[in-house]
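Colleague: Let's see this in three dimensions:
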Amino acid sequence: MPNPSTTPQGNIAGNWILSVTLSPAALHATTTSEQTFTVQGLNLGDFVDVSKPTSQAGLALGNARVSAANTLAITFTNLSTGTLTPTASEVYMVGVTRPDNLTSLGNPVLTQIT
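Modeller: Below is the predicted model:
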(Lines give C-alpha, C1' and ligand atoms only; values in the text may rest on other atoms or scores of the structure.)
Protein backbone atom coordinates (compact mmCIF):
# COMPACT_ATOMS: atom_id res chain seq x y z
CA MET A 1 0.00 0.00 0.00
CA PRO A 2 1.56 3.35 -1.00
CA ASN A 3 1.95 5.84 1.83
CA PRO A 4 3.27 9.43 1.44
CA SER A 5 4.14 9.62 5.12
CA THR A 6 7.72 10.16 6.23
CA THR A 7 7.10 8.21 9.43
CA PRO A 8 5.81 4.65 9.72
CA GLN A 9 2.98 5.48 12.12
CA GLY A 10 1.11 8.03 9.96
CA ASN A 11 1.27 11.48 8.49
CA ILE A 12 0.85 13.69 11.58
CA ALA A 13 3.91 15.66 12.66
CA GLY A 14 2.27 16.94 15.84
CA ASN A 15 -0.86 17.97 17.73
CA TRP A 16 -1.05 21.01 19.99
CA ILE A 17 -3.65 22.87 22.02
CA LEU A 18 -3.14 26.63 22.19
CA SER A 19 -4.83 29.18 24.45
CA VAL A 20 -5.34 32.37 22.46
CA THR A 21 -6.91 35.60 23.74
CA LEU A 22 -9.14 37.08 21.02
CA SER A 23 -11.32 40.19 20.73
CA PRO A 24 -13.42 39.77 17.56
CA ALA A 25 -15.04 42.76 15.88
CA ALA A 26 -18.78 43.49 15.90
CA LEU A 27 -21.06 41.79 13.37
CA HIS A 28 -24.04 43.47 11.75
CA ALA A 29 -27.45 41.77 11.97
CA THR A 30 -27.82 38.45 10.15
CA THR A 31 -24.33 38.48 8.62
CA THR A 32 -21.33 36.21 8.37
CA SER A 33 -17.78 37.54 8.57
CA GLU A 34 -14.37 35.91 8.48
CA GLN A 35 -11.99 37.64 10.87
CA THR A 36 -8.25 37.07 11.13
CA PHE A 37 -5.99 37.01 14.19
CA THR A 38 -2.24 36.72 14.59
CA VAL A 39 -1.26 33.44 16.24
CA GLN A 40 2.49 32.87 16.22
CA GLY A 41 3.61 29.43 15.11
CA LEU A 42 0.74 28.50 12.80
CA ASN A 43 1.78 27.21 9.40
CA LEU A 44 -0.12 27.18 6.15
CA GLY A 45 -1.49 23.64 5.85
CA ASP A 46 -2.13 23.19 9.59
CA PHE A 47 -5.59 21.87 10.49
CA VAL A 48 -7.22 23.96 13.23
CA ASP A 49 -10.28 23.52 15.42
CA VAL A 50 -11.47 26.51 17.47
CA SER A 51 -13.58 26.57 20.63
CA LYS A 52 -15.09 29.75 22.14
CA PRO A 53 -15.13 29.44 25.95
CA THR A 54 -18.64 30.82 26.47
CA SER A 55 -22.00 30.61 24.77
CA GLN A 56 -23.39 33.81 23.31
CA ALA A 57 -26.99 34.07 22.09
CA GLY A 58 -27.20 34.65 18.35
CA LEU A 59 -23.51 33.96 17.68
CA ALA A 60 -22.17 30.94 15.80
CA LEU A 61 -18.63 29.94 14.86
CA GLY A 62 -18.19 28.45 11.42
CA ASN A 63 -15.06 27.48 9.58
CA ALA A 64 -11.60 27.97 11.08
CA ARG A 65 -8.44 27.82 8.99
CA VAL A 66 -4.87 29.00 8.74
CA SER A 67 -5.08 31.61 5.97
CA ALA A 68 -1.34 32.46 6.01
CA ALA A 69 1.67 31.82 8.22
CA ASN A 70 0.88 32.95 11.79
CA THR A 71 -2.70 33.87 10.80
CA LEU A 72 -5.84 32.22 12.19
CA ALA A 73 -9.08 32.94 10.28
CA ILE A 74 -12.42 32.27 11.98
CA THR A 75 -15.86 32.71 10.43
CA PHE A 76 -18.38 34.27 12.82
CA THR A 77 -22.14 34.36 12.13
CA ASN A 78 -24.63 36.74 13.75
CA LEU A 79 -28.03 35.04 13.69
CA SER A 80 -29.76 37.89 15.53
CA THR A 81 -31.59 40.93 14.17
CA GLY A 82 -29.23 43.42 15.86
CA THR A 83 -25.51 44.12 15.90
CA LEU A 84 -23.64 41.63 18.02
CA THR A 85 -20.09 41.84 19.36
CA PRO A 86 -18.40 38.62 20.50
CA THR A 87 -17.12 38.87 24.06
CA ALA A 88 -13.79 40.74 24.14
CA SER A 89 -10.56 39.28 25.52
CA GLU A 90 -11.82 35.72 25.83
CA VAL A 91 -9.35 32.84 25.83
CA TYR A 92 -10.23 30.56 22.91
CA MET A 93 -8.87 27.03 22.68
CA VAL A 94 -7.24 26.26 19.33
CA GLY A 95 -6.42 22.67 18.44
CA VAL A 96 -3.64 22.41 15.84
CA THR A 97 -2.80 19.28 13.84
CA ARG A 98 0.26 19.55 11.61
CA PRO A 99 0.83 17.07 8.76
CA ASP A 100 4.41 15.89 8.24
CA ASN A 101 4.20 15.73 4.45
CA LEU A 102 3.39 19.18 3.10
CA THR A 103 4.14 20.40 -0.40
CA SER A 104 5.91 23.71 -0.95
CA LEU A 105 2.43 25.31 -1.16
CA GLY A 106 1.48 24.13 2.31
CA ASN A 107 -0.88 21.41 1.06
CA PRO A 108 -0.72 17.87 2.44
CA VAL A 109 0.35 15.11 0.07
CA LEU A 110 -2.64 12.76 0.07
CA THR A 111 -3.20 9.35 -1.38
CA GLN A 112 -6.19 7.09 -1.01
CA ILE A 113 -5.64 4.16 1.31
CA THR A 114 -7.24 1.02 -0.05
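Colleague: And the pLDDT for Leu61?
Modeller: Looking at Leu61, its pLDDT is 97.
Colleague: Contacts only, for Gly82.
Modeller: Ala29 (Cβ atoms under 8 Å, 6 or more residues apart in numbering). Backbone N, C-alpha and C define where each C-beta goes, glycine included.
Colleague: Where does it sit: helix, strand or coil?
Modeller: State at Gly82, reduced to three classes by DSSP: H, G, I helix; E, B strand; the rest coil: coil.
Colleague: For Thr32, see how far away it is.
Modeller: 16 Å (Cβ to Cβ, to the nearest Å).
Colleague: try Ala64
Modeller: Ala64 is 13 Å from Thr32, by Cβ to Cβ.
Colleague: any idea what sits nearest Gly58, other than its immediate chain neighbours?
Modeller: Ser80 (3.3 Å; Cβ to Cβ, 6 or more residues apart in numbering).
Colleague: count of neighbours near that neighbour?
Modeller: Ser80 has 14 neighbouring residues, counting by other Cβ atoms under 10 Å.
Colleague: Provide the backbone phi and psi angles at the closest residue to Pro53 other than its chain neighbours.
Modeller: Closest residue to Pro53 apart from its sequence neighbours, by Cβ to Cβ, 6+ apart: Glu90 at 5.4 Å. The phi and psi values for Glu90, taken as degrees, to the nearest 10, are phi -90, psi 150.
Colleague: how about Glu90, what does it touch?
Modeller: Per Cβ under 8 Å, 6+ apart, neighbours of Glu90: Thr21, Leu22, Ser23, Lys52, Pro53, Thr54.
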